[in-house]
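1. Predicted model and sequence below, questions to follow.
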Amino acid sequence: MITLGQFIIKKQSDFPYAKGELSRLLRDIGIAAKIVNREINKAGLADILGDSGVVNVQGETQKKLDVYANEQFISALSSGGECCLVASEENEEVVLLNTDVSKNAKYVVAIDPLDGSSNIDVNVAVGTTFSIYRRKSTDGNGVLEDILQKGTEQVAAGYVIYGSSTMLVYTTGKGVNGFTLDPSIGEFCLSHADIKIPETGTIYSINEGNYVHFPEGVKKYIKYCQVEDDATQRPYTSRYIGSMVADLHRNLIKGGIYIYPSTASAPKGKLRLVYECNPLAFIIEQAGGRATNGYERILDIDVTEIHQRESIFIGSTKMVLLAEEYMAQYS
Ligand code: AHG
Ligand code: MN
Ligand code: MN
Ligand code: MN
């Protein structure tokens with residue numbers, strides 16, 4: 001059995017000039033994930049379900065667990081000393097970690113501390129997504145520009161899924177590996193080595209309740225998924241959890257496509273590029289899949305604001321390519 005900590009150290013040799021900072025940063029994220037997992041597991045017993053009473057910069061009412069998870073990740077990154085700045089879904093501005101240990105650190109991190117907020121109160125899988133970049137400024141406190149980098153610049157990225165079991169999945173640009181938390185020893189253990197997404201699949205994931213608002217290309221693609229055809233195993237299965245991490249994780253293992261398109265009222269969709277789309281796009285590409293906004297690769301999109309939104313078509317390469325053809329033809 002290989003633990004996450006052992007695996008990270010073993011993989012450090014992939015980066016000949018590395019001094020262990022990135023390894024320690026990934027370790028810090030793993031520690032925060034375990035603490036958040038512990039609270040999520042007993043959420044119904046402790047008084048941590050429900051709303052916090054605060055509305056975040058996205059206009060969403062924060063859940064108590066959104067706030068808790070945000071505090072845990074920022075605190076782990078701050079005391080770990082390898083990250084100087086955090087951009088989080090739950091903070092309007094970037095958070096500077098200007099303690100003596102962290103202000104000169106080399107890395108900056110973007111996080112969605114708790115993905116799938118609407119599922120927290122009903123005991124459905126939720127997640128965390130994270131993205132790690134090398135800072136642009138040289139030393140001292142980090143600056144906003146440090147995090148406004150394209151997804152192609154990610155040094156590492158990953159997600160945690162707090163599901164029927166808890167897993168941490170990450171990439172440093174050399175494939176994707178998944179670790180399952182063994183609660184009896186409190187360690188993430190390598191369970192899914194070198195994950196590859198099937199080239200095609202039979203699952204499509206989209207909030208079909210919004211159908212009338214979708215672009216014509218998406219409407220036509222959904223109809224394609226529903227037409228009977230033995231050769232392509234259609235009609236496909238529709239699966240939508242409403243936690244992007246959980247929907248993505250299932251499609252990564254089984255093959256499938258996840259779409260959160262633009263709508264008339266949300267021309268860039270709902271999901272946030274920096275801490276939702278980019279980390280998941282990096283993971284899916286590293287697993288052999290594809291992630292675009294229907295026209296353009298997610299990882300190539302310019303980043304100008306930490307909370308900017310982007311439409312996303314992500315998953316098995318052949319399915320995403322076909323959805324893009326529908327977009328090109330009808331939207
Ligand atoms: P978050 O809980 O971090 O705000 O993210 C919610 C996102 C994502 O997890 C999910 O896929 C999507 O919102 C669901 O949105 P709809 O309810 O509009 O389908
Ligand atoms: Mn989210
Ligand atoms: Mn969130
Ligand atoms: Mn939210």
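-> The structure has been received and is ready for your questions. Ligands and ions are numbered 1, 2, ... in the order given.
2. chain center to the strand or helix carrying V109, what's the gap?
-> Per DSSP states H and E: V109 is located in strand 107-115. Computed by C-alpha atoms, centre = their mean, to the nearest Å, the chain-centroid distance of strand 107-115 equals 9 Å.
3. That strand pairs with which strands?
-> Strand 107-115 sits in its sheet next to strand 83-88 (parallel), strand 126-134 (antiparallel), going by DSSP bridges.
4. got these as a markdown table, with distance to ligand 3 columns?
-> Every C-beta, even on glycine, is put in place using the N, C-alpha and C of the backbone. Below are the strands paired with strand 107-115 laid out as a markdown table (distance: least, C-beta to the ion, whole Å):
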| stretch | distance to ligand 3 |
| --- | --- |
| strand 83-88 | 9 |
| strand 126-134 | 8 |
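5. Grab the most central residue of this structure for me.
-> Nearest residue to the geometric centre of the chain (C-alpha atoms, centre = their mean): T129, 3.5 Å.
6. tell me the pLDDT at the residue in the stretch 201-331 of the chain positioned nearest to ligand 4?
-> Closest contact between the stretch 201-331 of the chain and ligand 4, by C-beta to the ion, is at R272 (8.8 Å). On the pLDDT scale, R272 is placed at 98.
7. Surely it touches E305?
-> No - counting by C-beta atoms under 8 Å, R272 does not reach E305; the two are 9.6 Å apart.
8. rounded to a whole number, what's the mean pLDDT of stretch 291-302?
-> 98.
9. tell me which residues of it are tucked away?
-> Residues of stretch 291-302 classed as buried: A291, T292, N293, G294, I298, L299, I301 (neighbour count, 16 or more other C-beta atoms under 10 Å).
10. Same question for stretch 214-228.
-> Applying a neighbour-count criterion of 16+ other C-beta under 10 Å, one finds F214, P215, G217, V218, K219, K220, Y221, I222, Y224, C225 buried in stretch 214-228.
11. what residues does this protein put near ligand 4?
-> Applying C-beta under 5 Å from the ion, we find that the chain lies next to ligand 4 at E60, S117.
12. What's opposite the residue of the chain found nearest ligand 2 in the beta bridge?
-> Residue of the chain nearest ligand 2, by C-beta to the ion: D115 (3.4 Å). Counting by DSSP bridges, D115 forms beta bridges with G127.
13. Quick check, it in contact with M244.
-> Yes - at 5.7 Å, D115 counts as touching M244 under the criterion of C-beta under 8 Å.
14. Have a look at the two and say which one is more surrounded.
-> D115 (29 against 24; other C-beta atoms under 10 Å).
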